[in-house]
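Visitor: 3D, please:
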Amino acid sequence: MIHKLIRYTVKYAEKVISKKVKKLYSDLKIYNVDFNILIIKLLISYLSKNCVYKLMLLITYRILPFSYCCHVFVILLVLFRLKYFYILSDILNPKIRLHRNEKLDDLSLSGSLLKNALSSLEIINSLLGNHKQLTNAVLEVCKKQSKKEVLHIVDLGCGGGDCIYKIDKILRKHNIKATFMGIDGNSESIAIAKSRNPNKRNMSFTISDILNKDFVVPSCNLLISSHFIYHFKDSELVSFLNQLSEKKVKRAIFSELNRSRIAYYLFKISGFFLPISRIAKEDGLIAIQRAFTRNELKNIIKNSNIKSFEVYKKPWFRMIAKIDIQ
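Guide: Residues are numbered from 1 along each chain as shown. The predicted structure follows:
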């Protein structure tokens with residue numbers, strides 16, 4: 001069945017691009033060469049913006065069995081119609097953190113663009129395990145507290161409030177009482193979070209720019225964030241962590257991306273298939289480039305006045321930082 005699909009795909013590709021191939025290579029008089037070779041050369045001419053990319057492609061199809069590579073390139077060509085080959089148009093340097101704003105960092109973003117982006121982030125968090133990993137980490141900490149105590153949990157950069165609602169649901173199942181405060185700089189994000197369940201008496205949401213130097217962290221039993229602390233520069237994060245003990249924050253749990261080249265390209269490819277908005281796709285790639293590696297995050301926390309912490313690697317290129325402050 002697979003061989004038939006490949007054969008039919010190749011035939012279709014030959015019909016679609018045969019004119020372009022003949023035009024490009026008429027001067028070279030190579031019509032007697034296997035048509036698969038022509039297809040590879042055509043792809044190289046489209047994909048190569050400079051010699052580095054061309055070299056990458058040449059290495060790729062020389063290392064793998066040539067016939068298989070031809071078929072793979074042809075199938076991708078037909079499915080994505082050339083323009084989607086921007087996957088190879090940039091190269092992530094995993095040794096360097098990118099300092100570039102995302103579209104969601106625009107606190108004036110509103111309307112359908114914002115709603116679709118927040119909805120997309122919730123899908124990503126559910127599918128790729130962030131909700132599960134964060135709620136499990138919070139549950140583990142909360143179980144150690146007295147059940148008579150009402151815990152106060154603050155979520156930095158809460159967005160549409162999806163993490164808070166997930167955590168509230170799991171804590172209720174275990175008869176753990178908690179109140180929540182979600183903080184975000186975008187007023188419409190806060191409005192969306194409130195509208196999800198207006199009758200939640202144990203939840204409050206407030207508008208505040210967390211990255212502002214004048215921002216004060218509320219006192220709480222547990223401070224959490226999901227894909228937020230990478231917004232800080234290294235020195236800023238050290239300063240932020242240093243002030244937590246002064247603000248009567250007992251513990252913190254940060255769920256973060258773990259920057260890597262594989263994560264970047266896997267997300268770039270999966271963006272074709274995930275039902276998420278364009279902003280979520282673009283911001284997701286920027287977020288991976290802005291994220292810390294596990295060792296970077298550990299070193300930053302060590303440079304602060306925090307003594308007890310651990311950073312755990314999690315599936316799908318994620319990590320959870322658990323910090324005991326008091």
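
Visitor: Contacts only, for residue 254.
Guide: Going by Cβ atoms under 8 Å, 6 or more residues apart in numbering, residue 254 touches 224, 225, 228, 229, 320, 321, 323. Glycine gets a C-beta too; all of them are placed from N, C-alpha and C.

Visitor: Can you read off the pLDDT for it?
Guide: pLDDT recorded at residue 254 is 96.

Visitor: can you check the one 4 residues further on too?
Guide: pLDDT recorded at residue 258 is 93.

Visitor: And for the one 10 residues further on?
Guide: The predicted local confidence for residue 268 comes out at a pLDDT of 86.

Visitor: In which helix or strand does it reside?
Guide: With secondary structure defined by DSSP states H and E, residue 268 is part of helix 261-270.

Visitor: Now that helix: buried residues?
Guide: 263, 264, 265, 267, 268 (16 or more other Cβ atoms under 10 Å).

Visitor: CA atoms only: put that helix into CSV for me.
Guide: C-alpha atoms of helix 261-270 as CSV (Å, rounded to 0.1, in the frame of the first residue of the first chain):
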residue,chain,number,x,y,z
ARG,A,261,17.0,22.2,18.7
ILE,A,262,14.9,19.0,18.5
ALA,A,263,12.0,20.6,20.4
TYR,A,264,12.1,23.6,18.0
TYR,A,265,11.9,21.6,14.8
LEU,A,266,9.4,19.1,16.2
PHE,A,267,7.1,22.0,17.1
LYS,A,268,7.6,23.6,13.8
ILE,A,269,6.6,20.4,11.9
SER,A,270,3.7,19.6,14.3
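
Visitor: contact partners of that helix?
Guide: 87, 92, 94, 257, 284, 285, 288, 289, 316, 317.

Visitor: Sketch out the low-pLDDT regions of the chain for me.
Guide: Residues of the chain that meet the criterion pLDDT under 70 lie in 1-93, 198-199, 326.

Visitor: Residue nearest the middle of it, spatially speaking?
Guide: residue 284 (4.0 Å; Cα atoms, centre = their mean).

Visitor: That one: which element?
Guide: helix 278-290.

Visitor: Helix 278-290 and the longest strand that the chain contains, what's the angle between them?
Guide: With secondary structure taken from DSSP state E, the chain has its longest strand at strand 249-257. Interaxial angle, strand 249-257 versus helix 278-290 (axes from the mean of the first three to the mean of the last three Cα atoms, to 10 degrees): 110 degrees.

Visitor: So what angle separates the directions of strand 249-257 and helix 261-270?
Guide: Relative orientation of strand 249-257 versus helix 261-270 (the same axes, to 10 degrees): 60 degrees.

Visitor: from the chain's centre, how far out does strand 249-257 sit?
Guide: Distance of strand 249-257 from the chain centroid (Cα atoms, centre = their mean, to the nearest Å) equals 18 Å.

Visitor: quick one, the helix or strand that comes right after the helix holding residue 284 and strand 249-257 angle?
Guide: Proceeding N to C from helix 278-290, the next assigned helix or strand is helix 294-302, under DSSP H and E. Relative orientation of helix 294-302 versus strand 249-257 (the same axes, to 10 degrees): 160 degrees.

Visitor: what's in contact with helix 294-302?
Guide: Residues outside helix 294-302 that contact it (Cβ under 8 Å, 6+ apart): 97, 234, 237-238, 241, 256, 258-259, 292, 309, 311, 313, 319, 321, 323.
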